[in-house]
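Asker: need a structure here:
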Amino acid sequence: HVSLNLTVLLLFLIAALLPSSHLFTHAASASPPVTRPRINYTSLDDYEDEVFVKKTTPVRSGPPQLCKFDSCSENQEPCDVLEAKHGCLCPGVSRANVPPHAPRIQALLPINAGADSGKLEIQWCAPSSVVSGYRVVIEGSEGDAFEFRDAARRGVIRTVEVGTKVCVEAVNNAGSSTPSAFSCMRFDHSESSDHKILAGVIGGGVTLLLILIIVAVILWKYTTNKKAKGDSTDGLGNPTYSTEGTL
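Answerer: Numbering: from 1, shown residues only. Next up is the predicted model:
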């Protein structure tokens with residue numbers, strides 16, 4: 001009877017130990033395998049390429065500066081070329097697949113000398129966009145536009161009547177800019193400012209000369225009259241007066 005009890009107790013202990021042994025075996029099998037860190041080898045060519053890139057990239061000392069690029073000056077180096085050379089910053093430029101922003105018109109001046117005398121010169125500033133060319137449109141003749149290259153900032157067009165609106169448009173493969181208040185200007189004078197200044201100087205000189213002539217005439221008359229009065233007073237002496245007399 002005692003041996004039966006020992007046998008039952010032994011079976012109970014074996015049954016209790018079997019699940020924990022199974023879990024231990026599963027945990028041991030589920031643990032991740034030990035891996036060694038992978039070593040990356042860099043070739044000599046890759047190292048030389050990296051050194052070459054570092055040497056050719058401009059080194060900026062201090063905060064970045066804006067590139068010396070004037071959007072109103074023509075025939076200058078593109079801003080992206082200046083950025084690659086000097087490590088400066090260019091203003092943001094819209095993409096080539098969208099129409100450009102409108103340029104800014106500066107002046108509309110008559111030409112009074114040379115082969116283009118009688119025509120007009122238009123001046124403008126480039127927008128912050130990719131531009132392939134410019135087109136100048138005159139009010140009332142939109143179908144007859146003047147074409148200019150992308151590096152141009154001025155051009156010669158025909159003369160127009162006073163009050164006529166002239167617009168300059170930027171063009172690329174995606175289209176053209178929309179006219180705005182700062183891309184259009186009305187021709188409001190029929191003669192150049194230089195001619196007006198010259199006419200004013202001539203008019204002022206003539207007026208000053210006339211004033212000097214008038215003053216000279218007045219002074220001459222005054223001097224002549226004074227001399228005439230003096231001569232007449234000297235000639236009218238008292239005939240009865242004598243320095244010889246009796247006491």
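Asker: end to end, how far does stretch 97-108 reach?
Answerer: 31 Å (CA to CA, to the nearest Å).
Asker: buried set for that stretch?
Answerer: For stretch 97-108, burial by neighbour count (16 or more other CB atoms under 10 Å) applies to 99, 100, 101, 102, 103, 104, 105, 106, 108. The way it works is simple: take the backbone N, C-alpha and C, and place the C-beta from them, glycine included.
Asker: of the residues you listed, which belong to helices?
Answerer: Assigned to helices by DSSP state H, none of the buried residues of stretch 97-108 qualify.
Asker: of all pairs in these, which one spans the longest distance?
Answerer: 99 and 108 (24.0 Å; CB to CB).
Asker: and the buried residues of stretch 97-108, which is closest to residue 175?
Answerer: residue 99 (3.7 Å).
Asker: dump the residue contacts of that closest one.
Answerer: Neighbour list for residue 99: 172, 174, 175, 176, 177, 178 [criterion: CB atoms under 8 Å, 6 or more residues apart in numbering].
Asker: again, but for residue 189
Answerer: 110, 162.
Asker: coming back round to it: in strands only, show me the buried residues of stretch 97-108.
Answerer: 104, 105, 106, 108 (DSSP state E).
Asker: so where is the protein shaky, pLDDT-wise?
Answerer: For the chain, the stretches flagged by pLDDT under 70 are 1-6, 8-9, 11-62, 190-199, 229-247.
Asker: so it: which segments form each domain?
Answerer: For the chain, the structural domains run 63-92, 104-193, going by automatic domain parsing.
Asker: on that earlier part again, of the contacts of residue 99, which is the most crowded?
Answerer: residue 177 (22 neighbours; other CB atoms under 10 Å).
Asker: wait, that one touches residue 100, no?
Answerer: Yes - with contact defined as CB atoms under 8 Å, residue 177 reaches residue 100; the gap is 5.1 Å.
Asker: who touches both of those two?
Answerer: With CB under 8 Å, 6+ apart, residue 177 and residue 100 have common neighbours 127, 129, 170, 171.
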